[in-house]
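In: got a sequence here, can you model it:
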Amino acid sequence: QVQLVESGGGSVQAGGSLRLSCATSTYMFGSYCMGWFRQAPGKEREGVARIYSGGQVYADSVKGRFTISQDDAKNTVYLQMDNVKPEDTGVYYCAADRVCSPVGNYTYWGVGTQVTV
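Out: Okay, here's the model as predicted:
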């Protein structure tokens, strides 16, 4: 069974940096799209970034500040968050699916990690 485990969340001051990690229970990067989503209080979940064999895609709100990457040897996807803003606050989720969709209908999900700016 596929498991995704996020870590690295916490509190950070505006303008600071944070790196989120998503460890997968099996190697997925060759055939799955890996995405990061977030949900702020009272708001709908939104896509932040996703990575697949063809490259990376970012939401306009984080473009130039966040970087998604993967380490095949560690079965881990990262989200480097730089120059964070208060509006980046929320629960961040890692997700995986064979289809690289910008919306949240992914097959596998982690439990989320809280980021507070």
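In: what's the local residue count around Asp71?
Out: Applying other C-beta atoms under 10 Å, we find 12 residues neighbouring Asp71. (Each C-beta comes from the backbone N, C-alpha and C, glycine too.)
In: Tyr106 too?
Out: Neighbouring residues of Tyr106 were enumerated by other C-beta under 10 Å; the total is 23.
In: pretty sure it is touching Arg98, no?
Out: No: taking C-beta atoms under 8 Å as the contact criterion, Tyr106 and Arg98 are not neighbours in contact, 9.4 Å apart.
In: between the two, which contacts overlap?
Out: Common contacts of Tyr106 and Arg98, defined by C-beta atoms under 8 Å, 6 or more residues apart in numbering, comprise Cys33.
In: now Ser53: how far from Asn75?
Out: In this structure, Ser53 and Asn75 are 16 Å apart, going by C-beta to C-beta, to the nearest Å.
In: contacts for whichever strand or helix holds Ser69?
Out: In this assignment (DSSP states H and E), Ser69 forms part of strand 66-71. Where contact means C-beta under 8 Å, 6+ apart, the residues beyond strand 66-71 that reach it are 29, 34, 36, 48-51, 56, 58, 76-82.
In: which strand or helix spans the most centrally placed residue in the chain?
Out: In the chain, the C-alpha nearest the mean C-alpha coordinate belongs to Trp36, at 2.3 Å (C-alpha atoms, centre = their mean). With secondary structure defined by DSSP H and E, Trp36 is part of strand 33-39.
In: helices and strands around the very next helix or strand once past that strand, which ones?
Out: Moving toward the C-terminus from strand 33-39, the next helix or strand (DSSP H and E) is strand 46-52. With contacts defined as 3 or more C-beta pairs under 8 Å, 6 or more residues apart in numbering; DSSP states H and E, the packing partners of strand 46-52 are strand 33-39, strand 55-58, strand 66-71, strand 76-81.
In: just to revisit the earlier point, buried subset of the contacts of strand 66-71?
Out: The neighbour-count test (16 or more other C-beta atoms under 10 Å) applied to these identifies 29, 34, 36, 48-51, 58, 76-79, 81 as buried.
In: nice, that's everything, thank you.
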